[in-house]
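Trainee: A structural model of the following input is requested.
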Amino acid sequence: FFFMNLKHLILISFLSLYLSKSWGVKPDSFFHHSVGTEKKPWTDKAFLNEPKDFQFAIVSDRTGGPRAGVFPRAVDKLNLLRPEFVITVGDLIQGGAGNRNVEKLKGQWKEFNSFIQGFDMPFFYLPGNHDLGNEVADQIWDDMFGVRYYSFVYRDVLFLCLNTQGGPGSKPAKLEDEQIKWALAELKKNKEVRWTLVFMHQPLWLMEEGILIRDKGKKILRKTESGWPKVEKALKGRKHTVFAGHVHHYSKYLRNGTSFYTLGTTGGGSKLRGEAFGEFDHATWVTMTEAGPIMANLAIDGIMEDDITTENHQKFWRSLEFEEYFKKGTDLNGKEISLILSNPFDFEIDGRLAWVRPNSSSWEIKPVAVNLSLSPGSKKKWVFEIDLLEDAKRGGMRQLPKLEVRFKDEAKVLDLEMLMSIPLEK
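Mentor: Just a heads-up that it's a prediction; the model follows:
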């Protein structure tokens, strides 16, 4: 009996080892299948479900020239991705060093916190220079959040959240001695963690190295003694990554034997010139693994809801067809062409129809453009007249105008743009 059980145990162990190596999966409760053949319709990679791994998101500067609507959209989009929590690198309200108006500052915080209430997961605050601009703003922060710098450990990863403002209205950026002493103690206390992630608003390593500025036509390398080298030295030799904001430009730096990042914007002022300039609205998605953080920068407008296009959208754009069809050789002069639009949505749609005429065209169509508005369930017909110009040239007869159809709105409920050709048999 003992030997029979031993044989069964050996057989089960062999099968488990075979399945895990050959098919990338263990015969565990999370995975079952119906395939009985030797060959399987999936690859032999192991599931990426390491229990210690976790995902979180970072949002960057919202202010310093805020663009309305971007940050609230980011909240909605990140909820779709279900990170375990969200953290920021600061500049959350417009605030500023010259703003000591308590009512105004509290109003800005009320607006921002209303956005944060939309998150389905925890949000970790961090101050920027717009949030802690003077002693009044500092007191409001303290009343709301208690501390200006702090740390926490999540799944054996230390999150070190620093305040680069260094006291009331501090400018330039600085870590005060008390904070440095605290940071060194936190690092020592948590020396056994598997990774350390540092968050700050202003990129102190760049300020220590010097930032090139122009002063009355002269190039000056402006350096700032921020206290950062003391913290950086304590980080050396341990696994760590650093994140900052402030500059509104995304970039990756290699410092201290690891990766340092400045993030772009999440609604803050930006020329939005694209990837080459590091100017884009994004959230940074971080997957924490045993090998360190794996990062992906997600364009806010690149994260789309499951109802970004619905059956009604399909009905609408497929209905965009002229009522007439002209046979080959038809004299179009004086002919009418019509378009019927129906609104299948439960909201009002606004748009514009405009004829785009090539410079060499011998034709004009009236009216040249119309603005339209359709209430839910309504239908309307637009009629246009095609006329041949008096000074028409033979070569321009083939250059027919096209109808540009545009429906645009800030919420992007209906965001459509297309060109319609006159339906003439070829």
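Trainee: just the mean pLDDT for stretch 211-228, thanks.
Mentor: Stretch 211-228 comes out with an average pLDDT of 88.
Trainee: now do the strands in the stretch 201-350 of the chain.
Mentor: 211-215, 218-222, 240-244, 251-255, 258-262, 282-289, 292-299, 336-342, 349-356 (DSSP state E, counting those that start in this stretch).
Trainee: just send these back as TSV, with distance to residue 371 and mean neighbour count too.
Mentor: C-beta coordinates here come from the backbone N, C-alpha and C atoms, glycine included. Shown next, in TSV, are the strands of the stretch 201-350 of the chain (distance: least, Cβ to Cβ, whole Å; neighbours: other Cβ atoms under 10 Å):
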stretch	distance to residue 371	mean neighbour count
strand 211-215	46	10
strand 218-222	51	9
strand 240-244	46	24
strand 251-255	44	12
strand 258-262	44	19
strand 282-289	35	20
strand 292-299	31	15
strand 336-342	13	15
strand 349-356	5	17
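Trainee: residue 33 is nearest to which of these?
Mentor: Of all these, it is strand 282-289 that lies closest to residue 33, at 26.2 Å by Cβ to Cβ.
Trainee: so what strands line up beside the closest one?
Mentor: Strand pairing for strand 282-289, determined by DSSP bridges: strand 54-59 (antiparallel), strand 292-299 (antiparallel).
Trainee: CSV for those strands, including distance to residue 372?
Mentor: Shown next, in CSV, are the strands paired with strand 282-289 (distance: least, Cβ to Cβ, whole Å):
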stretch, distance to residue 372
strand 54-59, 38
strand 292-299, 31
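Trainee: which stretch among the ones you listed comes nearest residue 318?
Mentor: Among the strands paired with strand 282-289, strand 292-299 sits nearest to residue 318 (Cβ to Cβ), with 28.5 Å.
Trainee: what angle sits between that closest one and strand 251-255?
Mentor: Angle of strand 292-299 versus strand 251-255, following axes from the mean of the first three to the mean of the last three Cα atoms, to 10 degrees, is 160 degrees.
Trainee: now what about strand 292-299, what contacts it?
Mentor: 77, 81, 195, 197, 239, 241, 250, 261, 264, 280-288 (Cβ atoms under 8 Å, 6 or more residues apart in numbering).
Trainee: show me what contacts the residue nearest to residue 150 when sequence neighbours are not counted?
Mentor: Counting by Cβ to Cβ, 6 or more residues apart in numbering, residue 150 lies nearest to residue 161, which is 5.4 Å off, once chain neighbours are set aside. By Cβ under 8 Å, 6+ apart, the residues touching residue 161 are 87, 124, 126, 149, 150, 151, 152, 199, 200.
Trainee: try it again with 7 Å
Mentor: 124, 126, 149, 150, 151, 199 (Cβ atoms under 7 Å, 6 or more residues apart in numbering).
Trainee: could the residues you listed go into CSV alongside secondary structure and neighbour count?
Mentor: Shown next, in CSV, are these (DSSP: H, G, I helix; E, B strand; the rest coil; neighbours: other Cβ atoms under 10 Å):
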residue, secondary structure, neighbour count
124, strand, 16
126, coil, 25
149, coil, 21
150, strand, 17
151, strand, 19
199, strand, 22
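Trainee: following element in sequence after the helix or strand that contains residue 160, please.
Mentor: Residue 160 is located in strand 157-161, with elements delineated by DSSP states H and E. Next helix or strand after strand 157-161 toward the C-terminus (DSSP H and E): helix 177-189.
Trainee: show me what that following helix is packed against.
Mentor: helix 228-235 (3 or more Cβ pairs under 7 Å, 6 or more residues apart in numbering; DSSP states H and E).
Trainee: so what does the helix it packs on touch, helix or strand wise?
Mentor: helix 177-189, helix 204-209.
Trainee: kindly export the shortest one (C-alpha atoms) in PDB.
Mentor: What it means is helix 204-209. The C-alpha coordinates for helix 204-209 follow below in PDB (Å, rounded to 0.1, in the frame of the first residue of the first chain):
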ATOM      1  CA  LEU A 204      16.700  68.000  -7.700                       C
ATOM      2  CA  TRP A 205      19.400  66.000  -9.400                       C
ATOM      3  CA  LEU A 206      19.100  68.300 -12.500                       C
ATOM      4  CA  MET A 207      19.200  71.400 -10.300                       C
ATOM      5  CA  GLU A 208      22.300  70.200  -8.600                       C
ATOM      6  CA  GLU A 209      24.000  69.500 -12.000                       C
END
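Trainee: give me the buried stretch members for that helix, please.
Mentor: 204, 205, 206, 207, 208 (16 or more other Cβ atoms under 10 Å).
Trainee: the closest residue to residue 399 other than its chain neighbours: neighbour count?
Mentor: Residue nearest to residue 399 in three dimensions, not counting chain neighbours: residue 361, with 3.9 Å by Cβ to Cβ, 6+ apart. Residues lying near residue 361 (other Cβ atoms under 10 Å) number 20.
Trainee: surely residue 361 touches residue 397?
Mentor: No. Between residue 361 and residue 397 there is no contact under Cβ atoms under 7 Å: 8.6 Å.
Trainee: please name every helix or strand in contact with the lengthiest strand in the chain.
Mentor: If you go by DSSP state E, the chain has its longest strand at strand 379-388. If contacts are counted by 3+ Cβ pairs under 7 Å, 6+ apart, strand 379-388 sits against strand 336-342, strand 363-366.
Trainee: buried ones in the shortest one?
Mentor: Just to be clear, that refers to strand 363-366. Those would be 363, 365, for strand 363-366 by 16+ other Cβ under 10 Å.
Trainee: related to what we said a few turns ago, show me which residues of the longest strand of the chain are buried.
Mentor: Buried, per 16+ other Cβ under 10 Å, within strand 379-388: 384, 386.
Trainee: tell me which strands it pairs with, and in which orientation.
Mentor: Note on strand 379-388: by DSSP bridges, its sheet partners are strand 336-342 (antiparallel), strand 363-366 (antiparallel).
Trainee: okay, the ones you listed in a markdown table with mean pLDDT and distance to residue 36 next?
Mentor: Formatted as a markdown table, the strands paired with strand 379-388 follow (pLDDT from 0 to 100; distance: least, Cβ to Cβ, whole Å):
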| stretch | mean pLDDT | distance to residue 36 |
| --- | --- | --- |
| strand 336-342 | 96 | 53 |
| strand 363-366 | 94 | 66 |
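Trainee: want to throw those strands into CSV with distance to residue 35?
Mentor: Shown next, in CSV, are the strands paired with strand 379-388 (distance: least, Cβ to Cβ, whole Å):
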stretch, distance to residue 35
strand 336-342, 48
strand 363-366, 62
